[in-house]
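Enquirer: mind looking at a prediction? Sequence and model below.
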Amino acid sequence: MSAPAATTALAVNYARHTPQQAVHVAVPRGGITRVHLPDDDAKAHLVTAVLKARGEPDEELELFGEHASRLSLRRRDELRARVGAVSPIVGLVANLNTWENISLPAAYRGAPRLEEVAKLAREVIAGFGLAPEKLLARLPEQLGALERKVAAFARLLVVPPELLVLDDLEDGLSYAECNCATRFETEFRARQPQGTVLYVDIKEDT
């Protein structure tokens, strides 16, 4: 199995062949790409590979033009830092409230200042029509599906990634909440104009 030749014009170049199916995903840098995978297993493999900057033996991955199989540990960590996701694979820390979850990247890095993080968090949460003070004080188990996704999104915007993966974004949302889904892309592009957006979901039965 082999993926197409590496190209720096792609944010992601991924291939996986199994006896049951073959999957190939190419994501141009700076664009918006929608990928419909055959099933949950295929989707989980793709998202996990991209987030870890590492493929399984039956996978090939190029991330930002670099072959994942050739990366040093340091370089792998550097590439991983350029990717963020709103995905069930990237959960909130259960024993921390929403504010503590969102501010984790700043606490770890020492920047940006917590005042800036608080301003960003309130702006993002309010932009989705939610009440910031109420949401920020809650634990993850007290949040609805949209609130959890918004909290995870605000957390990754503290240090905006170059590649945003939106994994089955409308899953668990009501019809009215699905109308908010485009807000994730809009908010991200406003803060990272040259960023890449990858939507990933499952093919609908026909």
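Expert: Nice, I can see it. Numbers count the residues shown, from 1 in each chain.

Enquirer: what's across from the residue lying closest to I32 once chain neighbours are set aside in the sheet?
Expert: Closest residue to I32 apart from its sequence neighbours, by Cβ to Cβ, 6 or more residues apart in numbering: V197 at 4.5 Å. (C-beta placed from N, C-alpha, C; glycine too.) Here V197 sits in beta bridges with I32, L164, going by DSSP bridges.

Enquirer: show me what counts as buried in whichever helix or strand F184 is part of.
Expert: Using DSSP states H and E, F184 maps to helix 181-191. Along helix 181-191, these residues count as buried under the neighbour rule (16 or more other Cβ atoms under 10 Å): 184-185, 187-188.

Enquirer: one step back: residue contacts, the residue nearest to I32?
Expert: By Cβ atoms under 8 Å, 6 or more residues apart in numbering, V197 lies in contact with 31-33, 163-164, 166, 185, 188-189.

Enquirer: again, 10 Å this time
Expert: Contacts here follow Cβ atoms under 10 Å, 6 or more residues apart in numbering; on that basis V197 touches 11, 27, 30-34, 163-166, 184-185, 188-189.

Enquirer: which one of these is nearest to V47?
Expert: Checking these against V47 with Cβ to Cβ, the nearest one is V165 at 6.1 Å.

Enquirer: which other helices and strands contact the helix holding F184?
Expert: Applying 3 or more Cβ pairs under 10 Å, 6 or more residues apart in numbering; DSSP states H and E, we find helix 181-191 packed against strand 83-86, helix 114-127, helix 145-157, strand 163-167, strand 196-202.

Enquirer: one more time with 7 Å
Expert: On a contact count with 3 or more Cβ pairs under 7 Å, 6 or more residues apart in numbering; DSSP states H and E, helix 181-191 meets helix 114-127.

Enquirer: what's the burial count for G172?
Expert: By other Cβ atoms under 10 Å, 13 other residues sit near G172.

Enquirer: phi, psi of it?
Expert: G172 adopts backbone torsions of phi 80, psi 0, taken as degrees, to the nearest 10.

Enquirer: quick one, what contacts it?
Expert: Taking Cβ atoms under 7 Å, 6 or more residues apart in numbering, we find G172 in contact with A145.

Enquirer: next one: R70
Expert: Contacts of R70 (Cβ under 7 Å, 6+ apart): none.

Enquirer: give me the pLDDT value at it.
Expert: At R70, the predicted lDDT confidence score is 92.

Enquirer: cool, A107 as well?
Expert: 85.

Enquirer: any idea of the angle the host helix or strand of it forms with helix 145-157?
Expert: Assessed by DSSP H and E, A107 sits inside helix 98-109. Angle, helix 98-109 to helix 145-157, by axes from the mean of the first three to the mean of the last three Cα atoms, to 10 degrees: 20 degrees.

Enquirer: contacts for helix 98-109, please.
Expert: So helix 98-109 is contacted by 92-93, 112, 114, 117, 121, 135-136, 138, 151, 154-155, 158-159 (Cβ under 7 Å, 6+ apart).
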